[in-house]
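Peer 1: give me the fold of what follows.
(chains A, B and C)
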Amino acid sequence: MTALVRLENIEVTVRDKMILSIPSLEVLKGEVLGVMGPNGAGKSTLLKTLALLDPPSQGKIYYQEEQIFNTQAPLELRRKCAVALQQSLLLDTSVYQNVAIGLKLRKNKKSEINKKVAYWLDAFNITHLAKKNAHLLSGGEAQRVNLARAMVLEPEFLLLDEPFSALDFPTKLQLLKDFKQIMSQTGTTAVFISHDLMEIKYLTHRLAILMDGEIKQLAQTAAVLESPNEAATPFIGEWKAFLQ
Amino acid sequence: MDLLLEGLKQAFNMFINGDPEIWEITLRTLKVSFTAIFISMMIGIPAGIFLGLSRFPGRRILLVLINIGMGLPPVVAGLWITILLWRSGPLGDLALLFTPTAIILAQVIVSLPIVTGLTSTAFQQLDEKLLLQIKALGATKIQFFIILMKETKLAIFAAIIAGFGRVMAEVGAAMMVGGNIRGETRILTTSIVMEVSKGNFDVALALSFILMGIAFIITFTLTFLQQRKRRI
Amino acid sequence: MKKMILVSLFAIIIVLSASACSNSTKSQPTEKAAAVEKTDLILATTTSTQDSGLLDVLLPKFESEAPYNVKTIAVGTGQALEMGTRGEADVLLVHAPEAEQQIIDSRDAINRQRVMYNDFIIVGPEEDPAQIRGLPVEGAILKIASSDIPFISRGDDSGTHKKELQLWNMAGIEPASVTSYIETGQGMGSTLQIASEKNGYALTDRATFLAQRDNLNGLSIVSEGDNTLLNIYHVMQVNENKHEKINSNGAKAFVEFMTAAETQSIIAEFGQDLYGEALFFSYTE
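Peer 2: Below you'll find the predicted structure:
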């Protein structure tokens, strides 16, 4: 398999402090790459770098072997990515408008926007909310809108930062199920940050353990969870002990 | 009480009979105030956005100065502008003293800090993650600001309403830099002062009703636009 | 719908803004097209000439005869003279002979011509609580000072205020030492209203009092006719050799206009129809 995105010697420093240091990382086409790690490990910074939102202090990013320089990424590449964060961060307008916004920014035709939005509202089971103001939604509804807003862009590359974490358990299960189905249908390449082993197991193909800004282990998800290496053991081990 | 009724009646008569001078003064008041608030918006909203979103050395000092400017007494602004615009002053060659432009300048100076300050407050309150999310949706720089302005619509309208109120109410500076010249720089507020000093309370009251009426209509419209209902 | 409101609002703002900016320059050229170029002439004068309505009669006539657009700045005589000293006005119409002499001596103003006079009067409550009716001015002032009836002063360095201080000086009293002495810092009209509200005495020019008498409950003339109460108006042009950007042709024309026989007869008649007596008296040199 070929890489969709490749990082080479990436370093992110803020006021002389090393936040992220990644000699090499490939996100393969069609895979869902999980990222786990303690708070402050640099997960969100990694996501920002991969989503081409913040240029790294040093290093190279290749998007489909096209190198992006250390400056602001070109708009057409940025527009191939979509991001969904932990907070839904919806705009103060209708659900429909919230889902349509990315397409509107891309100046899609109105008829096309209507078609796509209708499709994704249906896929996430929120068609009945289309006219409701997004600030009046429940947590689960808002996260569905958040994900639909990302998926409607039909991104080549999807970046998710704990989008399910704030949900109650039944809502989370239902949404995970719906989401997994959508991902396997579309074959979207994704990076998925989470603290939840269950979500990681359920959604990801490979798993990277990020600690202190470095990737300590990267392999098939099952393999990492079965046999974490020395560096990853404290983190994964605690999880496993807790679950048993 | 009689005086109030008399004033109301006279205001009505002035409008119905189309007293040309009243019309002229009213129209000039509108022109001057709209121009001033328009300029304040064009400068103040972008400046407020910039101050709200960016971080740079000296930003805090600037915010302090703007907050002080919000309470700047109009007569102080008027005095400074008068001195600047004097024939013997640094901008004397422009011959702007005692013109409507001078009044506009004074009104911009008293309303700009309000528009800038309130806009910047609204933008400082935005969640940084929201900014990230909007960028991640593929927004260009301009689209980014348009979305944010829609998000802060309530606050921006509040800034415009407050600024407009200041401009309409202002009299000290308009008197000083405009000179209350008949047919040129006489506006509703300065006319009211003059009519009071002439002892014509009925005319002054009539003018005050016209001023209040205009202020009411404009503020009502702005508030209506601000409060358009959220869809359920 | 929402967009339409916004767009139309925006359009209104733009149109109004555009016309406001062009207003000051456009209004004049259209009228003069065929005639001579009209220039602005700044007249610094006292509130009494404006508030009495005299200028509303005189200026349109002047503007129709001569190619000038008069901008009247009606302020206290003190400020009017200061505007002359600074070269911020082109021509002055004021009434404070002693202070005028200074600005003539300093050559900031030239061509000073006597125009008219009216007289100062002391007004007070109808029942005259300080009993000054019929007294000469000096005696009246002394009486007021020794009573506790308020005396309302302009306190704004205007011609009337200067005159009033001169009267106190003649009577040998320091007004600041009189407890019932009130300074308003405002124009004649406002000061008279305060006098009426507080049932006090005030020095005023006759013209302003007659013009506003209807609004001044209970105030009447209690002292008049004394020679020291003459209120003489002079017109003068600001010296172009001492100040820049002076419209000295306009100023000269205005001085000539004010002293012309025709203008003088208008001044003499002004107010007869409304008040039954003239507000100003022709008084050229």
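Peer 1: helix, strand or coil for residue A:67?
Peer 2: Secondary structure state of residue A:67, per DSSP: H, G, I helix; E, B strand; the rest coil, is strand.
Peer 1: what sits closest to the residue lying farthest from the centre of chain B if chain neighbours are left out?
Peer 2: Distance from the C-alpha centroid of chain B peaks at residue B:136, with 36.6 Å (CA atoms, centre = their mean). Among residues not flanking residue B:136 along the chain, residue A:83 sits closest, at 3.7 Å (CB to CB, 6 or more residues apart in numbering or on different chains). In this view, the C-beta of every residue, glycine as well, is placed from N, C-alpha and C.
Peer 1: before we move on, back to that, which residues touch the residue farthest from the centre of chain B?
Peer 2: A:51, A:53, A:78, A:81, A:82, A:83, A:159 (CB atoms under 8 Å, 6 or more residues apart in numbering or on different chains).
Peer 1: each with direction, which strands does whatever helix or strand the residue nearest to residue B:136 lives in pair with?
Peer 2: Assigned by DSSP states H and E, residue A:83 belongs to strand A:81-84. Here strand A:81-84 is paired, per DSSP bridges, with strand A:157-161 (parallel).
Peer 1: gap between residue C:219 and residue C:167?
Peer 2: Per CB to CB, to the nearest Å, residue C:219 is found 18 Å from residue C:167.
Peer 1: more crowded one of the two?
Peer 2: The residue with more neighbours, out of residue C:219 and residue C:167, is residue C:219; 23 against 20, by other CB atoms under 10 Å in any protein chain shown.
Peer 1: so what pairs up with that one in the strands?
Peer 2: residue C:125.
Peer 1: pLDDT score assigned to it?
Peer 2: Note for residue C:219: predicted pLDDT of 92.
Peer 1: in contact with residue C:66, which residues?
Peer 2: Residue C:66 neighbours (CB under 8 Å, 6+ apart): C:250, C:253, C:254, C:257.
Peer 1: name the SS class of the last one, please.
Peer 2: Taking three-state DSSP as the rule, one finds residue C:257 in the helix state.
Peer 1: tell me, how many residues neighbour the closest residue in space to it that isn't next to it in sequence?
Peer 2: With sequence-adjacent residues excluded and distances taken as CB to CB, 6+ apart, residue C:257 is closest to residue C:62, at 5.1 Å. Residue C:62 has 20 neighbours, counted by other CB under 10 Å.
Peer 1: tell me if I am right that residue C:62 is in a strand.
Peer 2: No: under three-state DSSP, residue C:62 falls outside any strand and is assigned helix.
Peer 1: now the host helix or strand of residue B:207: average pLDDT?
Peer 2: Element membership of residue B:207, judged by DSSP H and E, is helix B:201-226. Helix B:201-226 shows a mean pLDDT of 89.
Peer 1: returning to what we had before: next SSE downstream of the strand holding residue A:83?
Peer 2: Following strand A:81-84 toward the C-terminus (DSSP H and E): helix A:95-105.
Peer 1: what sits against residue 51?
Peer 2: Reading this off chain A. Neighbours of residue A:51 in contact, by CB under 8 Å, 6+ apart: A:78, A:81, A:83, A:157, A:159, B:136.
Peer 1: I was after chain B.
Peer 2: B:59, B:62, B:63, B:66, B:116, B:120, B:123.
Peer 1: and it, what element?
Peer 2: Counting by DSSP H and E, residue B:51 is part of helix B:20-53.
Peer 1: between helix B:201-226 and that helix, find me the angle.
Peer 2: Interaxial angle, helix B:20-53 versus helix B:201-226 (axes from the mean of the first three to the mean of the last three CA atoms, to 10 degrees): 40 degrees.
Peer 1: hmm, back to that, show me what the helix holding residue B:207 is packed up against.
Peer 2: helix B:2-16, helix B:20-53, helix B:153-169, helix B:188-198, helix C:2-32 (3 or more CB pairs under 8 Å, 6 or more residues apart in numbering or on different chains; DSSP states H and E).
Peer 1: same list (these) but as JSON lines, adding mean pLDDT and distance to residue C:229.
Peer 2: Converted to JSON lines, the helices and strands packed on helix B:201-226 look like this (pLDDT from 0 to 100; distance: least, CB to CB, whole Å):
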{"stretch": "helix B:2-16", "mean pLDDT": "77", "distance to residue C:229": "33"}
{"stretch": "helix B:20-53", "mean pLDDT": "94", "distance to residue C:229": "35"}
{"stretch": "helix B:153-169", "mean pLDDT": "93", "distance to residue C:229": "41"}
{"stretch": "helix B:188-198", "mean pLDDT": "88", "distance to residue C:229": "23"}
{"stretch": "helix C:2-32", "mean pLDDT": "51", "distance to residue C:229": "42"}
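Peer 1: give the buried residues for the helix holding residue B:207.
Peer 2: The neighbour-count check on helix B:201-226 (16 or more other CB atoms under 10 Å in any protein chain shown) flags B:201-211, B:214-215, B:218, B:222, B:225 as buried.
Peer 1: same question for stretch A:51-64.
Peer 2: Neighbour count says stretch A:51-64 has A:51, A:52, A:53, A:55, A:56, A:59, A:61, A:63 buried, by 16+ other CB under 10 Å.
Peer 1: try stretch B:40-60
Peer 2: Neighbour-count burial for stretch B:40-60 [16+ other CB under 10 Å]: B:40, B:41, B:44, B:45, B:47, B:48, B:49, B:50, B:51, B:52, B:53.
Peer 1: go through those and name the one nearest chain C.
Peer 2: Using CB to the nearest CB, residue B:41 is the member of these that lies nearest chain C, at 8.8 Å.
Peer 1: for whichever residue of chain A sits closest to chain C, give its distance to residue A:135.
Peer 2: Nearest to chain C, among the residues of chain A, is residue A:93, at 12.1 Å (CB to the nearest CB). Going from residue A:93 to residue A:135 by CB to CB gives 9 Å.
Peer 1: just residue B:40 next, same as before
Peer 2: 30 Å.
Peer 1: please apply the same query to residue C:40.
Peer 2: 57 Å.
Peer 1: likewise for residue B:61?
Peer 2: Distance from residue B:61 to residue A:135, by CB to CB: 35 Å.
Peer 1: ok, now residue B:168?
Peer 2: On the measure of CB to CB, residue B:168 and residue A:135 end up 33 Å apart.
Peer 1: which of these two has more residues huddled nearby?
Peer 2: Comparing residue B:168 with residue A:135 by neighbour count (other CB under 10 Å), the higher total belongs to residue B:168, at 25 against 13.
Peer 1: which non-adjacent residue is nearest the more buried one?
Peer 2: Here the residue nearest residue B:168, using CB to CB, 6+ apart, is residue B:215, at 5.1 Å.
Peer 1: try residue C:251
Peer 2: residue C:237 is the one closest to residue C:251 (CB to CB, 6+ apart), at 3.4 Å.
Peer 1: for the stretch 101-250 of chain C, just list every one of the strands.
Peer 2: For the stretch 101-250 of chain C, the strands defined by DSSP state E, counting those that start in this stretch occupy C:109-125, C:151-153, C:181-183, C:201-205, C:219-223, C:230-238.
Peer 1: among the ones you listed, which comes closest to residue C:73?
Peer 2: Nearest to residue C:73 among the strands of the stretch 101-250 of chain C is strand C:230-238 (12.8 Å), distances taken as CB to CB.
Peer 1: averaged pLDDT, that closest one. What do you get?
Peer 2: 93.
Peer 1: any buried residues in that strand, and which?
Peer 2: C:231, C:232, C:233, C:234, C:235, C:236, C:237, C:238.
Peer 1: surely the second one meets residue C:96?
Peer 2: Going back to what we said before, that points to residue C:232. No: shown here, residue C:232 and residue C:96 do not form a contact pair, counting by CB atoms under 8 Å, at 9.1 Å.
Peer 1: tell me which of the helices and strands packed on helix B:201-226 is the most buried.
Peer 2: Greatest average neighbour count among those goes to helix B:188-198 (a mean of 22), per mean count of other CB atoms under 10 Å in any protein chain shown.
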